[in-house]
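Trainee: here are the coordinates; sequence isn't available:
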């Protein structure tokens, strides 16, 4: 794996370990093969870049998705609690309104039949005629 094969002059050169990529003075990048003759340096660099890019993009997507889910899960109970409190308050107000309407209706019926007591003397005796 320490062999650098160059197609331009069909020679196998010891790989220059000090530099990551072989210098163009030894062999051009498109004609250089690494270790085995079929691994092209340009293709290897492109493949590594694509894989690294995919890994970075997938990590970024995962991080964003997780942050979004956390933010959403934190805010959701608060919104649900507020919504439940609003509905509870609406039901309570509707109940009070219905109770008031029933009281008015019952007072009208009592007044119609003379059953409504005077507010001046609430303990006055009811007399049959």
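Mentor: Structure received. Please read all numbers here as calculations on a predicted model, not as lab measurements.
Trainee: Local confidence estimate at residue 110?
Mentor: For residue 110, the pLDDT comes out at 88.
Trainee: Residue 58 too?
Mentor: At residue 58, pLDDT is 94.
Trainee: now do residue 127
Mentor: At residue 127, pLDDT is 61.
Trainee: repeat for residue 53
Mentor: 96.
Trainee: in what helix or strand does it lie?
Mentor: Using DSSP states H and E, residue 53 maps to helix 41-112.
Trainee: Can you name every helix or strand that that helix contacts?
Mentor: strand 32-34 (3 or more Cβ pairs under 8 Å, 6 or more residues apart in numbering; DSSP states H and E). Every residue, glycine included, has its C-beta placed from N, CA and C.
Trainee: Could you list every helix and strand in contact with the strand it packs on?
Mentor: Using 3+ Cβ pairs under 8 Å, 6+ apart, strand 32-34 is in contact with strand 3-6, helix 41-112.
Trainee: I am finished for the moment; much appreciated.
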